[in-house]
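[1] Would you be able to build a 3D model of this:
(chains A and B)
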Amino acid sequence: MINRTEAPAFRQVEHIEFIEAKPIEFSNGLKTFVVSGGEQDILKLEFIFKNVNWDYSKPLRASAVNSMLTEGTSTLTASQIANHVDYYGAFLQTENNYDFSSVIVYTLNKHLENILPVIKSIVTDSVFPEKELQIFKRNQRQKLSVMLEKNDIVGRRTFSKAIFGDTQYGHQTEAFEYDELSRESLVDYFSNSYKPANCTLLVSGKVEDDAIRLLEQFFGKDNSSEMSETKISSHFPLVTRKEIYIERPDSIQSAIRIGKACINRSHTDFAGLQVLNTVLGGYFGSRLMANIREDKGFTYGIGSALVSLEQSGYFFIASEVGTDVCQAALTEIEKEVNLLKAEKISDDELGLVRNFMLGSLLGSLENAFSHADKFKNIYFYGLDYGYYDRYIQTIKTITPEKLMELANEYLNFDEFVKVIVGKN
Amino acid sequence: MVKFNRFTLANGLRVLVHEDKTTPMAVVNILYDVGARDEDPEQTGFAHLFEHLMFGGSINIPSYDEPLQRVGGENNAFTSNDITNYYVTLPAVNLETAFWLESDRMLNLAFSEKSLEVQRNVVVEEFKQRYLNQPYGDVWLKLRPLAYKKHSYRWATIGKEISHIENAKIEDVKAFFKKHYNPQNAIMVVGGDVNTEEVKTLAEKWFGGIPAGEKYQRDLLKEDRQTEPRYETIKAKVPIDDLYIAFHVPARIDQGHYECDLISDILSRGNSSRLHTSLVKEQKIFSEVHAYQTGSLDEGLFIVEGKPLSGIDIHDAEKAVWNELEKLKNELVPEDELTKVKNKMESTMVFSEMNLLDKAMNLAYFELLGNADGYNHETAKYLKVDATAIQDRAKQVFSKENSSTLYYLAEND
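    Here you go, the predicted structure:
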């Protein structure tokens, strides 16, 4: 008879191997990195452009330019681009966040050669046709109106605005800003930003010499003019102790978002704070989940996260809770945050969190694509792979005392911005 | 090509092993052959509520999540109208922990009143968050009973109404477990850095002693053939109108499923698709429009859904959709266009092999369909479809008599 009450023996993860990105020099200065691995004959190309010249009066330029790259070049219409990419079974995506605008291509190796001419046309020769711009504006406005019906979306926007103000991190799109977009401003932004000097090309998957040769042929030779880049350096307001309540009388749940601007990945406390965040709300067994979902049943989900941005970062706790228990949930959240400052985390709980985080890191290195993501996390913060050694070391060795110190330094509930959308 | 080995324990548990030495991780995926379609019409949402209770402690182990997280593992589960699927990923060196946890909850649950009470609340909040407190969130709660009159697909996985969840009793929970959660109704896939002999030993050790239980005999009401068009109008506080048209289509294992899949791709996959090109870009009728099918084990639904631009009458938008559907019935799809959607299917299949968990889930699902090896022959089934088959299928599916149309209107119109 087996003893089912006793857990089988287990081991902590000891060795975590990273496939390091290999740099390649092309003659035009395009920074290229290769992460090669895997059995499947597939490739992912990521052209990553830094967002430049943030201008409060033209807030949507970077994102509109990025979204509209597939809408026409001087030689190809939107429909030709789409047909060509789809015909070869490739996936073409544009992605825009606070700091970067990317063009992402997934393709089978065998079709790379057929896909590249279109990609080249897109990143070097987009023209933003007026006709397509009108469609874009109209459809985006309509999508925005649906988004603004969602309490959690409104909560997210309000929170970002409260902590980052009128900067690129705090700006929240309004419908009228689409009306103000002009073709000229898009063309202007495109010619300034989409340049080899402002681009990092990250290639992952089963990368063979042929692929590199093709990429060089298409992207490594053009020596177009230098960037006239103006660095973004925003002044972030120091906001604390702000409570914002947006009432939506028909709501049956309220969205809660609580937190503050915080350190980013380049700070030495970042890894330790991630351990602390995991304890609080970073995994299914976290204190917030255990208390507010699994004990009280107030919500379907609650969590917290520490997010790294190029020039800042933020920490937040988010949930959607029944309107009748909104106050009770807030009280419990405050209690859990304060507990981290007042009491040391037990060895038992911390041991579990260490093992969980190591297992989770190991599991996040699934394939060459995910190894490439790990590279992005360090490269754009000026860090090297030593960062991961230190991160792993921190997970394994950080003490309860140090975590309590971090809680007292970074997690003062009174300083948090608190946003509630719904009914209170 | 996803290779696997297969064996069956004496109690009927089917086990598949997919060895993948490129990863240091392992996954254990257990599919139970029970979904919302197996529920009593007066106790809907039960399969899903039950999924939550599976994490509330088993007969010998008070907490499911805690010991798993302690060995570096993660888990989750989902319930559909057809199946309930549980999965664990963990460092392969700690594989046995997953066997210990999964076998104990297949053996028996703790059935704690506290867990039932809390999870009833959690699921009620999930109901609100995903279906009631979202614009258009309740569409499927309306569309299913419009399209199905007899078959148990007429309710959504979350359930018909919140009261069904609130009224769940511990006796019901126990009976549901006895009926559906036994080795005969389960398929387990173990994948990653594992070897088959080791998995056999562990499976025998942990699952071998679980009683076979009774085999559940599924006997669902069959949907009558629809003979006339159905319409329903809803007014709600949403910013813009939304149009849904649902058609009955063949079951997942039918070759018709593959034809419908390609039709949905022709209509709406990617920016070169017909609905996007014609209705969003050229005619400027919709801000977005999609076509997809439910892909369910019994006869499913093909959905065309779109939000007309403000100022466009929803009935005009509906006509524009029908024009596109008529084209599929009246004209053969050009070879190039068919090749395009087939190429996309082919690369989608290759990309799905990048992810260990996806592979494991797919193997379990295809085993349920009849044979896990079917996963390796999916692409061939799509490639086999020709333009005539697409046209014939379109003629069968896209008729008014086979359609259920939902006008979801903005209230202040």
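
[2] tell me, how many neighbours does B:Asn5 end up with?
    The local packing of B:Asn5 (other C-beta atoms under 10 Å in any protein chain shown) involves 15 other residues. Placement of C-beta: from N, CA and C, glycine included.

[3] surely it meets B:Glu198?
    No: counting by C-beta atoms under 8 Å, B:Asn5 stays clear of B:Glu198, with 11.6 Å between them.

[4] which residues does the one residue in the stretch 51-200 of chain B that gets nearest to chain A contact?
    Using C-beta to the nearest C-beta, the point where the stretch 51-200 of chain B gets nearest to chain A is B:Gly72, with a distance of 2.0 Å. If you count contacts by C-beta atoms under 8 Å, 6 or more residues apart in numbering or on different chains, B:Gly72 has them with A:Gln12, A:Val13, A:Asn355, A:Phe356, A:Leu358, A:Gly359, A:Ser360, A:Leu362, A:Gly363, B:Leu90, B:Pro91, B:Asn94.

[5] Let me see the backbone angles for the fifth one.
    Backbone torsions of A:Leu358, given as degrees, to the nearest 10, read phi -70, psi -40.

[6] isn't it right up against A:Thr394?
    No: using C-beta under 8 Å, A:Leu358 is not in contact with A:Thr394; the gap is 11.1 Å.

[7] nearest residue to the spatially most central residue of chain B other than its sequence neighbours?
    Nearest to the mean C-alpha position of chain B, by C-alpha atoms, centre = their mean, lies B:Ser80 at 4.8 Å. Once flanking residues are discounted, B:Ser80 sits nearest to B:Gly35: 5.4 Å by C-beta to C-beta, 6 or more residues apart in numbering or on different chains.

[8] got a pLDDT number for that neighbour?
    In this model, B:Gly35 is scored at 97, pLDDT.

[9] Chain A versus that one, what's the distance?
    Distance of B:Gly35 to chain A, given as C-beta to the nearest C-beta, to the nearest Å: 20 Å.

[10] circling back to that earlier point, next, the contact list for the residue nearest to the centre of chain B, please.
    Contacts here follow C-beta under 8 Å, 6+ apart; on that basis B:Ser80 touches B:Gly35, B:Ala36, B:Thr157, B:Ser296.

[11] sec struct for the residue of the stretch 51-200 of chain B closest to chain A, please.
    coil (DSSP: H, G, I helix; E, B strand; the rest coil).

[12] quick check, A:Lys137 in a strand?
    No: A:Lys137 sits outside any strand when classified using three-state DSSP, being helix.

[13] can I assume it is in contact with A:Ser182?
    No: counting by C-beta under 8 Å, A:Lys137 sits too far from A:Ser182 to count as a contact (10.5 Å).

[14] interface residues of the stretch 51-200 of chain A facing chain B?
    Applying the criterion C-beta under 8 Å from any C-beta of the partner chain, the portion of the stretch 51-200 of chain A that neighbours chain B consists of A:70, A:78-79, A:81-83, A:85-91, A:106-108, A:135, A:138-139, A:142-143, A:145-146, A:148-151.

[15] Restricted to strands, list the residues you listed.
    Applying DSSP state E to those, the entries found in strands are A:Phe91, A:Tyr106, A:Thr107, A:Leu108.

[16] so the last one makes contact with B:Ser347?
    Yes: taking C-beta under 8 Å as the contact criterion, A:Leu108 and B:Ser347 are neighbours in contact, 5.4 Å apart.

[17] shared neighbours of these two, anything?
    What both A:Leu108 and B:Ser347 touch, as defined by C-beta under 8 Å, 6+ apart, is the set A:Ile42, A:Gly89, A:Ala90.

[18] Find the nearest non-adjacent residue to the last one, please.
    Translated: A:Ala90. Setting aside the residues directly before and after it, A:Ala90 is nearest to A:Thr107 in space (C-beta to C-beta, 6+ apart), at 4.1 Å.

[19] Please name the strands paired to the strand or helix carrying A:Ile256 in the sheet, noting orientation.
    In this assignment (DSSP states H and E), A:Ile256 forms part of strand A:253-261. Strand A:253-261 has the following strand partners under DSSP bridges: strand A:313-322 (antiparallel), strand A:417-422 (antiparallel).

[20] ok, the residue most central in space within chain A to chain B distance?
    For chain A, the residue sitting closest to the mean C-alpha position, by C-alpha atoms, centre = their mean, is A:Asn97 at 7.1 Å. Applying C-beta to the nearest C-beta, one obtains 21 Å for the distance of A:Asn97 from chain B.

[21] how near is that residue to A:Ile392?
    For A:Asn97, the distance to A:Ile392 equals 26 Å [C-beta to C-beta, to the nearest Å].

[22] domain parsing for chain A?
    Taking automatic domain parsing as the domain assignment, the record places the domains of chain A at A:22-219, A:242-422.

[23] would you list those in TSV and tack on mean pLDDT?
    Formatted as TSV, the domains of chain A follow (pLDDT from 0 to 100):
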stretch	mean pLDDT
domain A:22-219	94
domain A:242-422	96
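
[24] got TSV for these, with distance to B:Gly192 too?
    Shown next, in TSV, are the domains of chain A (distance: least, C-beta to C-beta, whole Å):
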stretch	distance to B:Gly192
domain A:22-219	14
domain A:242-422	10
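
[25] Can you report how many residues neighbour residue 8?
    I'll assume chain A. For A:Pro8, the tally of surrounding residues (other C-beta under 10 Å) stands at 18.

[26] I was after chain B.
    Around B:Thr8 there are 12 other residues, counting by other C-beta under 10 Å.

[27] Tell me the residue of chain A that sits nearest chain B?
    Among residues of chain A, the one nearest chain B by C-beta to the nearest C-beta turns out to be A:Gly359. It sits 2.0 Å away.

[28] residue contacts, that residue?
    A:Val13, B:Val71, B:Gly72, B:Gly73, B:Glu74, B:Leu90, B:Pro91, B:Asn94.

[29] Of those residues, just the buried ones, ChimeraX syntax please.
    Applied in ChimeraX, the following selects the buried portion of the contacts of A:Gly359 according to 16 or more other C-beta atoms under 10 Å in any protein chain shown:
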select /A:13 /B:71,72,73,74,90,91,94
